[in-house]
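In: could you look at this predicted model? Sequence included:
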Amino acid sequence: MPTNRVQMQPGLSMFEFLQRYGTEAKCEAALEAARWPSGFVCPRCEGRSAYAFRRGRQPYRECAGCGYQCSLIAGTMFEASKLPLTRWFMAMQLLSQAKNNVAALELRRQLGVSYPTAWLLKHKIMQAMLQAESERHLHGRVELDDAYLGGERSGGKPGRGSENKVPFVLAVQTTDDGRPHQVCAAQLPFRRSAIAEFCDAHLLRPLTVVSDGLDCFAAAARAGVHQRIVTGGGKASVALPEFASVNILLGNLKTAITGTYHAFKFAKYAPRYLAEFQFRFNRRYRMHAMLPRMLHAIVAADPFSTRLIRAPEVPC
């Protein structure tokens, strides 16, 4: 069997990570370069001249034009964090280089912080991933399928009616030789209106959508050519070559979740966990650059307080 070059990438080793980001000063320099690649820009007046100073351990810039003082982390997902940047960067290293996911409990052990701190840190990073992937677009040939997160509760409704099952769809853009290339996932009900909104937001012409016979997927016709294949049920339905890519990724996604997390609130936080899988998969071709790209996503994301992070996500 030929070597899979994507899977066998060296990535960013822990030794190289420590060389690049092993001190607070190195992390500050990396964050400043990501936030102001062409030099400081005042958030208030857009002036470019500033005086540098520190307040406690935080580096600040004071605009020479309007006098506005801005810390290095203000206005980013790092805002109001009391953790050293070295903890943040180590968390990004662990989350970006893991083959599957990394649970908050594992982050707690690796970072030497409390579990609530590790959980909040992980969810802030996942929220940045969600915002970075919010405008993901697929085109060409796209396989579309439905699935659920969560299992049946004891004494609850069986099958699709289970109160613990959260519906989501997975769309996979394939290469010319049928391999998965880019992915887009979203938590949404299986209704035509929801599928139509998903297609409008994430699918671009020219497009051929391949789906099974689920009624709501009829809305995919608005995005382009719709190839509807009635699969029936049973094991044979998941072995059809027309759905090879989406079935592989659904299996990878569920394995990553069930193999990493003991439990999480599917209905409340599913969009972030889907975005975490999506973010890493869509950037898998350059594992070595995964951490810098994650850093740019965190810098570009809107600040989220603990209250907002703990609030339920609103599915698209």
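Out: Looks like it arrived, so ask away. These figures come from a predicted structure and were not determined experimentally.

In: okay, now residue 118: neighbour count?
Out: 23 (other Cβ atoms under 10 Å). Bear in mind the C-beta positions are built from the backbone N, C-alpha and C, glycine included.

In: need the contact list for the closest residue to residue 65 other than its chain neighbours.
Out: Excluding its sequence neighbours, the residue lying closest to residue 65 (Cβ to Cβ, 6 or more residues apart in numbering) is residue 47, at 3.7 Å. Contacts for residue 47 were tallied using Cβ atoms under 8 Å, 6 or more residues apart in numbering; they are 41, 63, 64, 65, 66.

In: could I get these as JSON lines with distance to residue 120 and pLDDT?
Out: Formatted as JSON lines, the contacts of residue 47 follow (distance: Cβ to Cβ, whole Å; pLDDT from 0 to 100):
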{"residue": "41", "distance to residue 120": "29", "pLDDT": "93"}
{"residue": "63", "distance to residue 120": "31", "pLDDT": "95"}
{"residue": "64", "distance to residue 120": "36", "pLDDT": "94"}
{"residue": "65", "distance to residue 120": "36", "pLDDT": "92"}
{"residue": "66", "distance to residue 120": "33", "pLDDT": "94"}
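
In: quick check: of the residues you listed, which lies closest to residue 199?
Out: residue 41 (37.0 Å; Cβ to Cβ).

In: okay, the one helix or strand residue 167 maps to in PDB with CA atoms only?
Out: Element membership of residue 167, judged by DSSP states H and E, is strand 166-174. Taking Å, rounded to 0.1, in the frame of the first residue of the first chain, the C-alpha atoms of strand 166-174 are listed here in PDB:
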ATOM      1  CA  VAL A 166     -28.500  15.900  17.900                       C
ATOM      2  CA  PRO A 167     -28.900  16.000  14.100                       C
ATOM      3  CA  PHE A 168     -26.200  17.400  11.900                       C
ATOM      4  CA  VAL A 169     -25.200  17.300   8.200                       C
ATOM      5  CA  LEU A 170     -21.800  16.700   6.700                       C
ATOM      6  CA  ALA A 171     -20.900  18.000   3.200                       C
ATOM      7  CA  VAL A 172     -17.600  16.700   1.600                       C
ATOM      8  CA  GLN A 173     -16.100  18.200  -1.500                       C
ATOM      9  CA  THR A 174     -14.200  15.500  -3.400                       C
END
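
In: hang on, the earlier thing: can you flag the buried ones in the contacts of residue 47?
Out: For these, a burial check counting by 16 or more other Cβ atoms under 10 Å picks out 41, 63.

In: tally of neighbours for the residue nearest to residue 64 when sequence neighbours are not counted?
Out: For residue 64, ignoring the flanking residues on the chain, the nearest one in space by Cβ to Cβ, 6+ apart is residue 49 at 3.9 Å. Other residues near residue 49 come to 12 when the count uses other Cβ under 10 Å.

In: phi, psi of residue 49?
Out: phi -100, psi 130 (degrees, to the nearest 10).

In: pLDDT score for residue 233?
Out: Residue 233 is assigned 65 on the pLDDT scale.

In: to clarify, my last question referred to residue 214.
Out: On pLDDT, residue 214 comes in at 90.

In: hang on, it packs against residue 192?
Out: No. In this structure, residue 214 is not within contact of residue 192 by Cβ atoms under 8 Å, at 10.2 Å.

In: what mean pLDDT does stretch 114-126 have?
Out: Stretch 114-126 comes out at a mean pLDDT of 96.

In: got the buried residues for stretch 137-149?
Out: So for stretch 137-149, counting by 16+ other Cβ under 10 Å, buried means 138, 139, 140, 141, 142, 143, 144, 145, 146, 147, 148, 149.

In: state the mean pLDDT of it.
Out: 94.

In: could you pull out the helices for the chain?
Out: Counting by DSSP state H, one finds helices in the chain at the ranges 14-21, 24-35, 85-97, 104-111, 115-132, 192-202, 244-258, 266-282, 290-300, 306-310.

In: which among the ones you listed is found nearest to residue 165?
Out: With respect to residue 165, and counting by Cβ to Cβ, the nearest of the helices of the chain is helix 266-282 at 7.8 Å.

In: go ahead and confirm residue 14 touches residue 90.
Out: No. Taking contacts as Cβ under 8 Å, residue 14 lies outside contact range of residue 90: 9.5 Å.

In: what about those two, which has more around it?
Out: Taking other Cβ under 10 Å, residue 14 and residue 90 do not tie; residue 90 has more neighbours (22 against 12).

In: residues contacting the more buried one?
Out: Contacts of residue 90 by Cβ under 8 Å, 6+ apart are 17, 21, 110, 111.

In: shaky segments in the stretch 1-150 of the chain?
Out: Scanning the stretch 1-150 of the chain for pLDDT under 70 picks out the ranges 1-3.
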